[in-house]
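J.: Can you look at this prediction? I've put the sequence above it.
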Amino acid sequence: MEDATTERLDVPPAYAVVVDHLRRAIHLGQYAPGDKFPPERQHAEALGVSRVTVRGALRVLEGEGDVKSSRGSLGGVTVLGSTETRGQLVERLRHSIDDLLAVQEFRLANERLAAERAATRLTAEDLDGLERSVQQIASADGVGSFRQADSFFHLSIAGAAQCDLVRDAVEDGRAAMFLPLDALDYKLLVTETLRDHRRILAALQARDAVRAGRAMAAHIRRTSEQLQEILGDPEHGR
């Protein structure tokens with residue numbers, strides 16, 4: 001039997017690690033369509049890699065249609081939105097509904113735990129940030145601004161849980177659901193997210209861990225039900 005400590009490691013090239021990092025940042029809503037990445041030199045210094053590595057990663061993302069590079073004084077690297085119609089996305093995702101619902105189960109377990117832990121650990125500053133994100137969702141003027149506020153809310157709760165494993169799990173689940181959530185009706189999504197986030201926030205403000213966990217679980221279950229209804233019915237999304 002081979003000793004696991006001596007198995008050869010498959011280490012990805014540096015540019016591939018940067019690709020994953022930047023794609024994850026987009027999928028977590030840290031960059032919205034139309035936003036620009038920092039200048040190449042600044043980006044390389046922030047990530048602790050060479051400019052050549054950043055350049056290689058950006059070429060990959062541009063080839064995948066995630067970003068667009070332009071020259072000139074107003075140029076740079078701009079994040080692009082999806083070119084798929086909602087109907088095309090629904091049709092594509094219909095074949096992976098079981099996997100998507102499994103991700104939602106993963107999210108439910110980890111985000112419920114995050115909310116329960118955060119309820120007794122949140123600072124006044126954390127609560128102020130969550131309240132602002134709820135207000136930003138109410139005034140969102142498109143998918144990009146909605147995603148940023150929505151992600152901030154969930155990731156702030158995960159951070160306040162004060163457990164790296166929980167925070168990482170919440171990030172993983174949200175990144176995996178980046179595109180699938182576009183299959184939902186946007187206006188309905190905003191309305192229900194706003195209502196659910198207010199309920200979660202009220203429980204967190206009351207420092208009620210049980211109620212916060214239940215409110216978060218109900219929020220994620222509602223999304224799962226909507227996905228199941230839309231992706232399981234060929235008439236939806238047309």
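T.: On my side now, so go ahead. Numbering: from 1, shown residues only.

J.: can we go C-alpha only for contacts and neighbour counts from here?
T.: Fine.

J.: For I137, give its distance to G144.
T.: Noted for I137: a distance of 11 Å to G144, by CA to CA, to the nearest Å.

J.: again with A158
T.: 21 Å.

J.: Which elements pack onto the helix or strand bottoming out on mean pLDDT in the chain?
T.: The helix or strand of the chain with the lowest confidence, counting by mean pLDDT, DSSP states H and E, is helix 86-93 at a mean of 86. Other elements packing on helix 86-93 under the criterion 3 or more CA pairs under 8 Å, 6 or more residues apart in numbering; DSSP states H and E are helix 209-232.

J.: Put the alpha carbons of the helix it packs on into CSV.
T.: Coordinates of each C-alpha in helix 209-232 appear next as CSV, following Å, rounded to 0.1, in the frame of the first residue of the first chain:
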residue,chain,number,x,y,z
ALA,A,209,-29.7,32.0,17.6
VAL,A,210,-32.6,29.5,17.1
ARG,A,211,-34.8,32.0,15.3
ALA,A,212,-31.8,33.2,13.2
GLY,A,213,-31.0,29.7,12.1
ARG,A,214,-34.7,28.9,11.3
ALA,A,215,-35.0,32.2,9.3
MET,A,216,-31.9,31.4,7.3
ALA,A,217,-33.0,27.8,6.6
ALA,A,218,-36.5,29.0,5.4
HIS,A,219,-34.8,31.5,3.1
ILE,A,220,-32.6,28.8,1.4
ARG,A,221,-35.4,26.3,1.3
ARG,A,222,-37.6,28.9,-0.5
THR,A,223,-34.9,29.3,-3.2
SER,A,224,-34.6,25.5,-3.5
GLU,A,225,-38.4,25.2,-4.1
GLN,A,226,-38.3,27.9,-6.7
LEU,A,227,-35.4,26.2,-8.6
GLN,A,228,-37.2,22.9,-8.4
GLU,A,229,-40.4,24.4,-9.8
ILE,A,230,-38.7,26.3,-12.6
LEU,A,231,-36.1,23.7,-13.7
GLY,A,232,-38.6,20.8,-13.3
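
J.: And for it, what's in contact with it?
T.: 90-91, 93-94, 97, 101, 104, 107-109, 111-120, 181, 183-184, 193, 196-197, 199-201, 203-204, 236-237 (CA atoms under 8 Å, 6 or more residues apart in numbering).

J.: show me where the protein has helices.
T.: 14-27, 40-47, 51-63, 86-93, 97-119, 124-138, 143-160, 164-176, 186-205, 209-232 (DSSP state H).

J.: weakest of those helices in terms of mean pLDDT?
T.: Mean pLDDT is lowest for helix 86-93 among the helices of the chain, at a mean of 86.

J.: still on that earlier bit, okay, I137 and G144: which has more neighbours?
T.: More crowded of I137 and G144, by other CA atoms under 10 Å: I137, with 23 against 18.
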